[in-house]
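S.K.: Structural data only, the sequence is not supplied:
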């Protein structure tokens, strides 16, 4: 069960600021590959440690990227898993994507509310194996008599930064103030119903499912 949780949630550990980031990327790749290959063989940490000739505690640290492997240990791990050493390094050279946007440099986009004084700035998004993540900075600066309702696949997360608004989703209405958050199913009709205190600023993060990539 612990191995399953680690595989699903990843791992975290302290980092020495003197160590280059590349060293940690290598440790993470080895940890991920050793753990996945061991699980594929159906053996426990204790059984694999005994097969390789290292302690259970050491193997646990390797699988959690909490220690560096010597070349000798790496070779024994590969032998115990019956794979070439290169299989344990797979993915270490891969560049992982990130999206950095400087303050005020978000890309303006047009949405249904743009014509009534609403501003939407795209703060970047990741695609591919990450499905699709869309991050928006929304500013509502004017009150109007009509407000657009949105529906889309996936899950949306809203975090209030400034102002007060009533926000509806499906059959419920939520009063959102700075620091409040709302996570909702995008298939339900949602949007602001009353701009109580303007200007209103909030972050909207939408995670789209595979089918919309």
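M.R.: Now that the structure is in, tell me what you want to look at. The shown structure was predicted, so the numbers you read here are calculated from the model rather than taken from an experiment. Residues are numbered from 1 along each chain as shown.
S.K.: so residue 87 makes contact with residue 74?
M.R.: No. With contact defined as Cβ atoms under 8 Å, residue 87 does not reach residue 74; the gap is 10.7 Å. Just so you know, the C-beta spots here come from the backbone N, C-alpha and C atoms, and that holds for glycine as well.
S.K.: who has more neighbours, these two?
M.R.: Set residue 87 next to residue 74 and count neighbours by other Cβ atoms under 10 Å: residue 74 wins out with 17 against 14.
S.K.: need the contact list for that one.
M.R.: When contacts are counted by Cβ atoms under 8 Å, 6 or more residues apart in numbering, residue 74 touches 30, 85, 88.
S.K.: Just after the strand or helix carrying it, pick out the following helix or strand.
M.R.: Following DSSP states H and E, the helix or strand that holds residue 74 is helix 71-81. For helix 71-81, the following helix or strand on the C-terminal side (DSSP H and E) is helix 85-88.
S.K.: avg pLDDT for that following helix?
M.R.: Across helix 85-88, the average pLDDT comes to 85.
S.K.: Which positions within the longest strand anywhere in the chain qualify as buried?
M.R.: Longest strand of the chain, by residue count under DSSP state E: strand 190-208. For strand 190-208, the neighbour count (16 or more other Cβ atoms under 10 Å) marks 190, 192, 195, 198, 200-202, 204-208 as buried.
S.K.: Same question for stretch 38-45.
M.R.: 38, 45.
S.K.: now that stretch: how far from the chain's centre is it?
M.R.: 27 Å (Cα atoms, centre = their mean, to the nearest Å).
S.K.: now for that stretch, what's the gap between its first and last residues?
M.R.: 8 Å (Cα to Cα, to the nearest Å).
S.K.: Repeat that for stretch 102-110.
M.R.: 20 Å.
S.K.: For that stretch, give me every contacting residue.
M.R.: 119-123, 136-137.
S.K.: what's the closest of those to residue 25?
M.R.: Relative to residue 25, the closest of these is residue 123; by Cβ to Cβ it sits at 25.2 Å.
S.K.: can you pull the contacts of that closest one?
M.R.: 99, 101, 106, 135-137, 203.
S.K.: Of those residues - the most surrounded one?
M.R.: residue 136 (22 neighbours).
S.K.: SS state for that residue?
M.R.: Secondary structure for residue 136, judged by DSSP: H, G, I helix; E, B strand; the rest coil, is strand.
S.K.: Generate a ChimeraX selection restricted to the buried entries among the contacts of residue 74.
M.R.: In ChimeraX, this line selects whichever of the contacts of residue 74 come out buried by 16+ other Cβ under 10 Å:
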select :30,88
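S.K.: nearest to residue 177, of the contacts of residue 74?
M.R.: When the contacts of residue 74 are compared against residue 177 (criterion: Cβ to Cβ), the nearest one is residue 30, at 46.4 Å.
S.K.: Correct me if wrong: the closest one contacts residue 89.
M.R.: Yes. Using Cβ under 8 Å, residue 30 is in contact with residue 89, at 6.8 Å.
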